[in-house]
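K.L.:
would you be able to build a 3D model of this:
(2 chains)
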Amino acid sequence: MRRSYLGEFEEVVLLTVAVLAEGAYGVAITDELDRQTGRAVSISAVHAALHRLEEKGMLKSHLGEATAERGGRRKRLFSVTMLGSRTLHDIRAVREQLWGSISPQGLPAVSL
Amino acid sequence: MQNKQPPRWADRLLEAFCAPHLLEEVQGDLYERYLRNERLFGKPYARRQYVREVVGFLKRPFALKRLSNEYASPSFLNPVMLRNYLKTSFRNLTKNKVSSLINLFGLSLGVTACLVIYLITHYELSYDTFHPDQERIYRLVGTEKFNARADERPAGFVPNAVPAAIRNEVAGLGTVAAFHNIESEVLIPEGTEKPKKFEHRDFRKDNPEIIVADPQYFEIFKYQWVAGNPKTALSEPFQVVLSERKAHKYFGNLPLEQILGRQVIYMDSVQVKVSGIVRDWEKPSDFTFTDFISMATVRSSQLKRGIDLDQWDDIWSASQAYVKLPEGAKPEQFDGAFQRFSKAHFPNEFKFVPGLQPLSDLHFNSLYVDNYSRKAHLPTLYGMMGVAVFILLIAAINFINLATAQSVQRSKEVGVRKVLGSSRKGLITQFLSETTLLTLVAVGMAMLLVSPILSAFQSLTPKGLTFELFSLQTLLFLAGVTITTALLAGFYPSLVLSSYLPALTLKGQSALKGGSRGYLRKSLIVFQFTVSLIFIIGTLIVERQLSYIRNKDLGFSTDAIIEVQSGRVGKTDLLMEKFKNLAGVERVSKQWFPPMGMAYMMTKMKYHGKKEIELDVSAKVGDENFIPLYNLRMLAGRNYLKTDSLRELVINESFARRLGFQKPADAVNKLLEFDGKKYPIVGLVADFHEQSFHSRIDPAFIGYLPRQARNIGVKLAVKGQQVGNLKEVLASIEREWKTVHPDKKFAYEFLDDRIASLYEKEQKTSRLVNTATAIAILISCMGLFGLATFTAEQRTKEISVRKVLGASVASIVALLSKDFLKLVLLALLLAAPVAWWAMSEWLNGFAYKVDIEWWIFALAGLLAVGIALLTISFQSIRAALTNPVKSLRSE
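P.N.:
Next up is the predicted model:
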């Protein structure tokens, strides 16, 4: 029984926030996504996803210090909430359970 | 650093659209990314990318959605707030009773004036606007020229033979309908009994009723038929169509079907049969006819004596024709055809060129005269509208002035409201609702006042005007007036009030004292008084001109002279003999018309002096008693002797001068040629007025033309006697008249009344200007009074301190009055040139007029200053007399 549904993009963003730990804010997340997944996403898409995740209670945020390179504007720093963490774990558990249940013949071999 | 800026406009766009709580992080992120992009990929790419990102945000709903405020104030249109506004409005209005009453009274007056004027102008402008296809209906008019030397003049009527001919000869003109006005008594046969008789209409009061019309009349003007067949109703001789109301008047409550076929007798002998009944029009129209006799009756009855349908060479105002053009036809396209028509039919001296006058022009164009349409003077209507607007404006200014003056007192209220979270919009709504409330009450008062006012000013308003409160247009107009007035009066004060900063007002300082606001108030007062002064000057000049008209020597006497129509041809001498012997009749004269009046005749006279002079001269016709009866002053020569035909002439001074005599007396004994015969001039009279003062005195002669001299002028010997005596004399004259004409109504007219009727329009103008002046002065003064009250209140402390330090009452009154008087004087400076210009325009319509003298302006100024002083002094004296202790002990 899933408490909350996460879209694929939301899941990736949530994971990225977790990856970045302390320094998770819009631009950093976008860059990290680019680096890790090779997807070029727009900042607005990331912001939209962050906004949704915060509304679902999987992220929390606070405003950081102002930095000169942002024209004196503050960053909003995100971190994963308990709910977010549990949801990620749930997803992972389901995936692993599914992987564990696949017979060797079930998947065509892929050479990595 | 300049270079490292992202595109400014995109930034602005973002700031405008992005929700405020998201803006900082979003803009920060975009900015950071921009810097990186610029470093890595160069400026153009970075800018493009920035714009793309901004647009990306604008497409996302989350970025646009505003955060709802935790302490949100209710919408300013919330019912709770509206109730609150209403409550505070009431409280405020009852708290400031004086200014509320002033505003209420002023606005009521203003709205009433507006409403009355709207009703009048709307009524006049709606004349004949209800006909189907009215834009295709034209009247057949033309220009006439009696002979080669005469002037070409517009005529609102056509020679009798023209309509029928034009119908056949001018192709594509559509429907043509001719009709003739006639005046007649009406007899209704009652079997064996004496027929029921209906008198002539009263020319001064009733509308024309009887016409002889072509059947096409009903194709052009649509009536609703309640009985009879529209197709055949006027096609035969001796048919008449009646209006429903008229049918009931003639035949009582007989069912309409039974009225059909009944007999009606016009002109004593023209017996016709009712062939149709139509419903009366209820909307304002110049076509007030109720009896439509078939045109075919003319040729087969006595009517042909009055109406010669084959006449080409003369023209009568009763002969009318209307045309309904086919769809798409333009009136101009017939010009050529009309010219050809004119050439073909008028080979002789008399020329007539037909033309078309739009139906919408009928009620306003006084160039084309006729017997039935009442002409409204468009400039007067526009002038009245202007007056209405100004009066309402003055009332609104009162409100603005008083409201801004009191705003200081209300600044605390504004402060508290703002602290409690009211938005500026909410405050503006509140103050506007206050004005709206007041305006609504004023409109209510106006609606109550309108009916009594309309009946009081009946002589000024057109006949038939009624106040239909619940007609859609009136209600729309009232709604419009309410909204405009409320906005006009309330907008500025509400802007001022809502702009106060709560921190300042609550600390006890009023944020805006004096400065620009004071100037605005002053200029509004100046404006009010300028308008009032223009009205005052106008009144003075109109009154002066009217008194000049009343008192100027006309060149003849008008006292106790009546004019009596002789009724029938050939009875003049008999009547005269009878009148002459009555006690109380001083003198009797056979005449055509009195020396002055609406009717006059122009003719041509030749003089063979050193060179031949031909002049247009006016003819006055009367027997040898004419000159003594009217007391015309003889300058030289003698009166003409008693004759039975024209033998001798008396001329006026202007005539002699125009003939070239340096000394007018030299003209006596010279010969004048008239109608091919020569007559000697035996006498010379001083110039006398023949027409209203609008036109100059023309050359005129007086002579006895027996055919024209068929009316009787009677001079009554009532000098120093009682009015009752006058009545007695008139009664005895009537008795004598009845012995000659037992069947006719005795009608007479005093010469004074007849002359006064020449200035009916001026009398109306005068009453209008007087009323407008009174209202304007009243409203302005009320405003001034309110302001004076307020200033006196505001300066109580100052006045008290001055008094304690020894100022006299007089000096304090002077102090308080000085400021206002300066404004009134300034208004005088502004009003004088405007009034001077307007009144010279008006006076230019008179050939004999008063000069506009400087003292009129001085007098007007004095009046205004006096009125203003009176208004202010009430308050300033009260302020100056109060005990200083009262206001100084509490601080």
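K.L.:
contacts, neighbours, all on C-alpha from now
P.N.:
Noted.
K.L.:
with adjacent residues omitted, what lies nearest to B:D128?
P.N.:
B:S285 (4.8 Å; CA to CA, 6 or more residues apart in numbering or on different chains).
K.L.:
isn't the one you found up against B:E124?
P.N.:
No - the criterion here is CA atoms under 8 Å, and B:S285 misses it with B:E124 at 9.4 Å.
K.L.:
more neighbours, those two?
P.N.:
The neighbour count for B:S285 versus B:E124, taken as other CA atoms under 10 Å in any protein chain shown, is higher for B:E124 (23 against 19).
K.L.:
so how far is B:I117 from the more buried one?
P.N.:
11 Å (CA to CA, to the nearest Å).
K.L.:
show the pLDDT at residue 88.
P.N.:
You didn't say which chain, so I picked chain A. Looking at A:L88, its pLDDT reads 91.
K.L.:
wrong chain, I was asking about chain B
P.N.:
Confidence score, pLDDT, at B:T88: 83.
K.L.:
can you give me the helices for chain A?
P.N.:
In chain A, the segments counted as helices under DSSP state H are A:8-20, A:26-37, A:43-55, A:82-101.
K.L.:
which one of those helices is the most hemmed in?
P.N.:
Counting by mean count of other CA atoms under 10 Å in any protein chain shown, helix A:43-55 has the highest mean neighbour count of those, with a mean of 19.
K.L.:
let me see the mean pLDDT of that one.
P.N.:
pLDDT averaged over helix A:43-55 gives 90.
K.L.:
now the angle between helix A:8-20 and it, please.
P.N.:
Comparing the axes of helix A:43-55 and helix A:8-20 via axes from the mean of the first three to the mean of the last three CA atoms, to 10 degrees yields an angle of 80 degrees.
K.L.:
contacting residues for the residue of the stretch 251-400 of chain B found nearest chain A?
P.N.:
Per CA to the nearest CA, B:I400 is where the stretch 251-400 of chain B lies closest to chain A, at 47.5 Å. Applying CA atoms under 8 Å, 6 or more residues apart in numbering or on different chains to B:I400 gives the contacts B:A489, B:G490, B:Y492, B:P493.
K.L.:
with B:I799 instead?
P.N.:
B:I799 neighbours (CA under 8 Å, 6+ apart): B:I812, B:A879, B:A880, B:P884.
K.L.:
the nearest residue to the last one once chain neighbours are set aside: how many residues sit nearby?
P.N.:
Spelled out, it's B:P884. The shortest distance from B:P884 to any non-neighbouring residue, by CA to CA, 6+ apart, is to B:S800 (4.3 Å). Residues near B:S800, counting by other CA under 10 Å, number 23.
K.L.:
confidence score at B:S800?
P.N.:
Residue-level pLDDT assigned to B:S800 equals 86.
K.L.:
please identify the helix or strand for it.
P.N.:
helix B:796-804 (DSSP states H and E).
K.L.:
next SSE downstream of that helix?
P.N.:
Defined by DSSP H and E, the subsequent element after helix B:796-804 is helix B:809-843.
K.L.:
residues in contact with the least confident helix or strand in chain A by mean pLDDT?
P.N.:
When the helices and strands of chain A are scored by mean pLDDT, DSSP states H and E, strand A:59-66 comes last with a mean of 86. Outside strand A:59-66, the residues that touch it by CA under 8 Å, 6+ apart are A:14, A:50, A:53-54, A:72-81, A:84.
K.L.:
need the nearest residue in space to B:K246, chain neighbours excluded.
P.N.:
Sequence neighbours aside, B:T290 is the residue nearest to B:K246 in space, at 6.3 Å (criterion: CA to CA, 6+ apart).
K.L.:
so the one you found touches B:I210, yeah?
P.N.:
Yes - B:T290 is within contact range of B:I210, at 6.2 Å (criterion: CA under 8 Å).
K.L.:
what sits against the residue nearest to B:N652 when sequence neighbours are not counted?
P.N.:
Spatial nearest neighbour of B:N652, excluding adjacent residues (CA to CA, 6+ apart): B:V685 at 4.8 Å. B:V685 is in contact with B:L632, B:R633, B:M634, B:L635, B:A636, B:V650, B:I651, B:N652, B:E653, counting by CA under 8 Å, 6+ apart.
K.L.:
quick one, phi psi at B:V685?
P.N.:
phi -110, psi 160 (degrees, to the nearest 10).
K.L.:
which residues does it bridge with?
P.N.:
Beta-bridge partners recorded for B:V685 (DSSP bridges): B:M634, B:N652.
K.L.:
if I look at it, how far off is chain A?
P.N.:
104 Å (CA to the nearest CA, to the nearest Å).
K.L.:
do the same with B:W842
P.N.:
73 Å.
K.L.:
from B:G383, how far off is that residue?
P.N.:
For B:W842, the distance to B:G383 - CA to CA - is 12 Å.
K.L.:
then B:V526?
P.N.:
Applying CA to CA, the value for B:V526 to B:G383 is 22 Å.
K.L.:
swap in B:D313?
P.N.:
42 Å.
K.L.:
and those two? which has more neighbours close in?
P.N.:
B:D313 (17 against 11).
K.L.:
from the chain's centroid, how far away is stretch B:275-295?
P.N.:
27 Å (CA atoms, centre = their mean, to the nearest Å).
K.L.:
in it, which residues are buried?
P.N.:
Going by neighbour count (16 or more other CA atoms under 10 Å in any protein chain shown), the buried part of stretch B:275-295 is B:275-281, B:284-295.
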